[in-house]
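Visitor: Fold the following for me, if possible:
(one chain, ligands or ions: 1)
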Amino acid sequence: MDDLYDVIVVGGSAAGLTAAMYSARQGLRTLVVTKDIGGQMLLTNDIQNYPGYQSISGFELSTKLKEQAELYGAQFAYEEVTGVEENKECPGLCFTVRADGGGYSGTTVILAFGKTPRNLGVPGEKELGGKGVSYCAVCDGPLFRGKTVTVVGTGDQALDAVNYLAGVVKSVYLVHQYDKPIGSEEYISQVLALPNVKTMPNSRVVELRGDSRLESIVLEDTVSKQRMDLTSDGIFVEIGYVARTGLVERLVRLNGKEITVDRDGATSTPGVFAAGDVTDSSFKQAVISAAQGASAALSAYNYVQRMRGKTAARADWRSVKPVIKTGGRP
Ligand SMILES: Cc1cc2nc3c(=O)[nH]c(=O)nc-3n(C[C@H](O)[C@H](O)[C@H](O)COP(=O)(O)OP(=O)(O)OC[C@H]3O[C@@H](n4cnc5c(N)ncnc54)[C@H](O)[C@@H]3O)c2cc1C
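Guide: Alright, predicted model coming up:
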């Protein structure tokens, strides 16, 4: 079969990039298919708990991880994966990763597609995406300088967004469903004391309106059910993150929406591994995703070795001498 990769990694953030680095470093032909580099890490400017860095932006950390994976020969395709299935040409022996630009074949697949922001699911949201509707205050806030924006959500995620935006835009509405926002009392008081922040309690968003850009938000009072039009240049949807595992629900066992893995990153399907926030592991942190990416890649390496009739190595730094393109130490 033409163009059979040893490992196809789906996702290009902490888990996927680390998996690609480990896999390529073991000499495996590795392709990363991803929508972006950085995933959720792009949503923060200040990661203070990634070992080795007292403070680093998600963008910088993910750029470094990508460069390190590339150094060992990992290849990248910037596409959205729409499905992963057993390849009919080699049943049980390889997989097809379907992407919007076509398909790729791999002996193994590492699922590392993390979590993505939850949608509101209201009319107008899809159509106005990127035209006033955003899921990332830190990324898009500066585009709304001097304008009025709305944050919808509760908890620290929404409060963080309001706090950040209040320093960038003219004014911020916080729309939330209860009589007061949910979060730590101290943080709520601090955020609500900002002079350009106004709350819209007992409210839920039912529609987003606008022709070429967002113009207004239709709010429904959760108590009286009365509706009103709130004029706003932008809306930031801050209602949590979800693992969109529908694309692999027939391939691997899920625990709720998350992929069930063993401690080495193996899923219920031999040859398919998973790592990071998309898995059912307890803690969702960049360093944990990175470590799981490394484990999944070493498991994939051992799987490929066995398929080739070779001894599955104890794949640590002593076991192989990888070929690297430039510099670095094996
Ligand atoms: C605001 C915020 C602040 C945070 N702060 C910290 C912190 O300070 N410290 C810390 O340790 N952690 C922090 N986290 C958590 C951390 O960012 C995540 O745990 C980590 O990014 C998870 O990495 P991941 O590789 O598992 O998945 P993700 O980061 O979710 O990345 C998933 C990747 O998969 C890609 N992808 C998704 N679907 C598809 C598809 N269908 N096709 C192709 N590609 C796809 C995405 O484009 C992305 O590249 C923060 C998270 C957020 C949201």
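Visitor: what about residue 301, helix or strand, and which?
Guide: helix 286-307 (DSSP states H and E).
Visitor: Show me what that helix is packed up against.
Guide: strand 4-10, helix 14-25, helix 58-71, strand 102-111, strand 272-274 (3 or more C-beta pairs under 8 Å, 6 or more residues apart in numbering; DSSP states H and E). The way it works is simple: take the backbone N, C-alpha and C, and place the C-beta from them, glycine included.
Visitor: Please work out which of those is packed deepest.
Guide: Compared across the helices and strands packed on helix 286-307, helix 14-25 shows the largest average neighbour count, a mean of 32 (mean count of other C-beta atoms under 10 Å).
Visitor: what angle do that helix and strand 102-111 make?
Guide: 100 degrees (axes from the mean of the first three to the mean of the last three C-alpha atoms, to 10 degrees).
Visitor: Skip ahead from helix 14-25 and say which helix or strand is next.
Guide: Using DSSP H and E, the first helix or strand after helix 14-25 is strand 30-34.
Visitor: of all the helices and strands packed on helix 286-307, which lies closest to residue 36?
Guide: helix 58-71 (8.7 Å; C-beta to C-beta).
Visitor: Only the buried residues of whatever helix or strand comes next after that closest one, if you could.
Guide: Following helix 58-71 in sequence order, the next helix or strand is strand 75-78 (DSSP H and E). For strand 75-78, burial by neighbour count (16 or more other C-beta atoms under 10 Å) applies to 76-77.
Visitor: tell me what strand 75-78 is packed against?
Guide: Looks like strand 75-78 contacts strand 30-34 (3+ C-beta pairs under 8 Å, 6+ apart).
Visitor: Tell me if I'm right that residue 218 and residue 209 touch.
Guide: Yes - applying C-beta atoms under 8 Å, one finds residue 218 in contact with residue 209, separated by 6.5 Å.
Visitor: what sits in contact with each of these two?
Guide: Listed contacts common to residue 218 and residue 209 are residue 229; contacts here mean C-beta atoms under 8 Å, 6 or more residues apart in numbering.
Visitor: circling back to that earlier point, which one of the helices and strands packed on helix 286-307 lies nearest to residue 31?
Guide: Among those, the nearest to residue 31 by C-beta to C-beta is strand 4-10 (4.7 Å).
Visitor: Sheet partners, orientation included, of that closest one?
Guide: Sheet pairing of strand 4-10 (DSSP bridges) gives strand 30-34 (parallel), strand 102-111 (parallel).
Visitor: among the ones you listed, which is nearest residue 228?
Guide: Nearest of these (C-beta to C-beta): strand 30-34, 40.7 Å.
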